[in-house]
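Engineer: The amino acid sequence is not available; the structure is as follows:
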């Protein structure tokens, strides 16, 4: 099972994942939540090479070193790694759950200065031990703002409802 962002896979009829070895794997969407911006995918068991270790965003501290993994700008930069620090915890960010500019939901997120580029959404935010402490999902894009990315804390991502 894989966690990613709902906004990454919504409205897609077919999900094809690309591994770091550039192998394509078909994934099945098991479900998604527009408000949490999370989706669960399934791939065949024989395609699983490693399982990420879960860390704790609750134990993480502002200033801790982190890194992200993603495919910035699509497959041209497959497996890009960016690093930074946790810049803030328990941030509340207003977001739109529709295709309008009206903000209708408040997300509780971790703030990081690691580069979150188009294509990184849905990837892991990891602590310095390589444990997943969040799922990257957005950045602020406006004049005068640089290096403000956000991730869904892993504890929120794994809550059972």
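Structural biologist: Thanks, I have the structure now. Since we're looking at a predicted model, the values are computed, not measured.

Engineer: the strands in this protein, which residues?
Structural biologist: Using DSSP state E, the strands of the chain run over residues 2-4, 15-18, 24-33, 38-42, 65-72, 77-95, 105-112, 124-127, 132-139, 149-153.

Engineer: Tell me which of these sits nearest to residue 49.
Structural biologist: strand 24-33 (10.4 Å; Cβ to Cβ). In short, each C-beta sits where N, CA and C put it, glycine included.

Engineer: now the closest one and strand 38-42, what's the angle there?
Structural biologist: Counting by axes from the mean of the first three to the mean of the last three Cα atoms, to 10 degrees, strand 24-33 lies at 140 degrees to strand 38-42.

Engineer: Residues in a beta bridge with the closest residue to residue 115 other than its chain neighbours, which ones?
Structural biologist: Computed as Cβ to Cβ, 6 or more residues apart in numbering, the closest residue to residue 115 that is not its neighbour in sequence is residue 82, at 4.1 Å. Beta-bridge partners for residue 82, by DSSP bridges, are residue 68.

Engineer: Can you give me the neighbour number for residue 82?
Structural biologist: Counted with other Cβ atoms under 10 Å, the neighbours of residue 82 add up to 20.

Engineer: Look up how far residue 136 lies from it.
Structural biologist: Distance, residue 82 to residue 136, using Cβ to Cβ, to the nearest Å: 9 Å.

Engineer: Determine the residues that are contacts of both of the two.
Structural biologist: 68, 70, 116, 120 (Cβ atoms under 8 Å, 6 or more residues apart in numbering).

Engineer: which one of these sits closest to residue 19?
Structural biologist: Closest approach to residue 19 among those (Cβ to Cβ): residue 70, at 13.5 Å.

Engineer: ok, the closest one - how many residues close by?
Structural biologist: 22.

Engineer: mind showing which ranges of the chain have poor pLDDT?
Structural biologist: Applying pLDDT under 70 to the chain picks out residues 98-102, 160-161.

Engineer: Not counting its neighbours along the chain, what's nearest residue 7?
Structural biologist: In space, and not counting its chain neighbours, residue 7 is closest to residue 37: 5.8 Å by Cβ to Cβ, 6+ apart.

Engineer: can you pull the contacts of that neighbour?
Structural biologist: Counting by Cβ under 8 Å, 6+ apart, residue 37 makes contact with 5-7, 95, 107, 137-138, 152.
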